[in-house]
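Enquirer: sequence plus the predicted model coming up.
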Amino acid sequence: MTWSELIMSWAEWLYANWQFVVCGIVVAVLVLYGARKQGHELIRSLCRVMSDGLRLMAKSALLAEQRVSARNKEVLINAGKESVERVIEREFHRVDAVVKRDLGGFPVLQRAMAEQVSLIDEDYQASSELAPPPPEWLKAVEGVAKLPSKGDSSVLNILKEIHKTTTQQYKNIMAEYQRAVGIHHAKLNKLLPYWRKVTQTLDEVGKTITGIHERARIIDNRMEEYEQIRSKTDTAERMLTSSSLTQFFISGFALIIAILGAYINFHLIAEPMSEMVGAGKFMNLWFIKFRIADVAAMVIIMVEVAMGLYLMEALRITKLFPVIGHMDDRMRYRMIWITLSFLFILAGIESALAFLRDQIAADRQALIKSLGGETGVSQVSWIPLVGQMVMGFILPFALAFVAIPLESFVASLRTVIGKGFSAFLRCLAFCLRLVGNIIRHLGVFLINLYDVIIFLPLWIEDLIKGKKKDIEKTEIKQEVF
């Protein structure tokens, strides 16, 4: 039956029974008029109960949102503290390594440098001495030589010889002194390369000190950030929230790339796995039928990802499994070599499966040609074969690094979910308050609608009340006059 036929049938029924309909309407209006006060109270009470209930639910949602926000802030602050502590610890380790590597032998070097500088200073002071003054008796001889000879040639010759002898002796002394000074300068020239080496060493030490100063400045900045986080300031919370959101999207993008790589890896080894476990075998899981070859390929990929997780944990790059990170160094090194061995074995298996895949494709192509009546041997190209084998060997190691974005994604997911749930609770509280206000105003609308339905009796009642008021006013005026 269509809507037009249904409407026509109702119209025909109303036309045939209009007396009963009119009587029913009159009776309903009279009943509603008689129960007008109770009806108003019922509508008002019902709307008040619903409005108050919704407002109470909104208040509960706001209280829950405050608790969730406080919990989110606590988790965010703790995660921020742990991250900054790891950064500060790494910076201190770098400073310690620099000090041990470059400044460990500095006291010995300083002592040797001090000794060499002292020797150089002594040689320099010795080489810079002035020429020795002439002996005191030379003055007396010079005075004798200057005495007048009074025409005595023998005395004059003797004095000249004395002067000549003393002058030659003085020249010999000066030549000996100059030779000694040359020896000192030669010693200084021999020390010059070592002095340059000392200068270079001091320059390297200065660069090391400058690097340590830069590291100290970075540590100071991190310590200021750490103090803000410990103080639980709003600035630190906004900074950590922004950092978590950034890590969430970046790590999510990296995980999508890893999933695509795993998908390619799956299709690379799924077909040749059918030659190992059987192509026609299936298994039922949750009422869904899967090929055994696809499940085996997926298991190999999951094992590679698991080995990558264990390797990153053993290297202490990630902290998804604290038990592995808390192992002693000997056990960690063993685990590193074991996981690396498994990864190499799995990479070799995938490379062999990639080779088998190319052979299967070549055999299938040859079979198609033979069924089509073509003859000849299909040529196998080595370029795609080598490419598939290289991909099969590299992809397991690439999937091993999925632990790094996975840790960032898991750590930031808690913050994102908390912020999203907090926003949902705020929106829910707003919606509940809005609906409560709508219901409260809807009660006023229903009361007015109730009065509109029984407007005729109310109109008659108003007329009667108006006449009574007029009569009472007339009586009051007569009594006054």
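Expert: On my side now, so go ahead.
Enquirer: tell me where the stretch 1-150 of the chain has helices.
Expert: 3-16, 18-34, 36-102, 106-127, 137-145 (DSSP state H, counting those that start in this stretch).
Enquirer: comparing these by mean pLDDT, which bottoms out?
Expert: Among those, helix 137-145 has the lowest mean pLDDT, at a mean of 57.
Enquirer: what segments of the stretch 351-481 of the chain are helices?
Expert: Using DSSP H, counting those that start in this stretch, helices in the stretch 351-481 of the chain cover 382-400, 403-453, 455-480.
Enquirer: among those, which is nearest N265?
Expert: Ranking these by proximity to N265 (C-beta to C-beta) places helix 382-400 first, at 4.6 Å. Every C-beta, even on glycine, is put in place using the N, C-alpha and C of the backbone.
Enquirer: how about K289, secondary structure?
Expert: Per DSSP: H, G, I helix; E, B strand; the rest coil, the local secondary structure of K289 is strand.
Enquirer: could you say which helix or strand holds I349?
Expert: Using DSSP states H and E, I349 falls within helix 329-371.
Enquirer: so which of the helices of the stretch 351-481 of the chain gets nearest K319?
Expert: Of these, the one closest to K319 (C-beta to C-beta) turns out to be helix 403-453, at 6.9 Å.
Enquirer: what's the angle between the closest one and helix 36-102?
Expert: Interaxial angle of helix 403-453 relative to helix 36-102 (axes from the mean of the first three to the mean of the last three C-alpha atoms, to 10 degrees): 170 degrees.
Enquirer: next one: T241 from R426, what distance?
Expert: From T241 across to R426, the span is 16 Å (C-beta to C-beta, to the nearest Å).
Enquirer: more crowded one of the two?
Expert: The neighbour count for T241 versus R426, taken as other C-beta atoms under 10 Å, is higher for T241 (19 against 15).
Enquirer: my guess is that one meets K419, correct?
Expert: Yes - in this structure T241 lies within contact range of K419 using C-beta atoms under 8 Å: 7.0 Å.
Enquirer: count of residues packed around R222?
Expert: For R222, the neighbour count with other C-beta under 10 Å is 16.
Enquirer: should've said W3
Expert: Neighbour count for W3, taken as other C-beta under 10 Å: 7.
Enquirer: and if you look at the one 3 residues further on?
Expert: If you count neighbours by other C-beta under 10 Å, L6 ends up with 10.
Enquirer: for F409, which non-adjacent residue is closest in space?
Expert: In space, not counting the residues next to it along the chain, F409 is nearest to S251; the distance is 4.0 Å by C-beta to C-beta, 6 or more residues apart in numbering.
Enquirer: what number of residues lie near I269?
Expert: Neighbourhood size, I269 [other C-beta under 10 Å]: 26.
Enquirer: for it, give me the pLDDT.
Expert: 81.
Enquirer: and the gap between it and K160?
Expert: According to C-beta to C-beta, I269 stands 116 Å off from K160.
Enquirer: same thing with T415?
Expert: Taken as C-beta to C-beta, the span from T415 to K160 is 110 Å.
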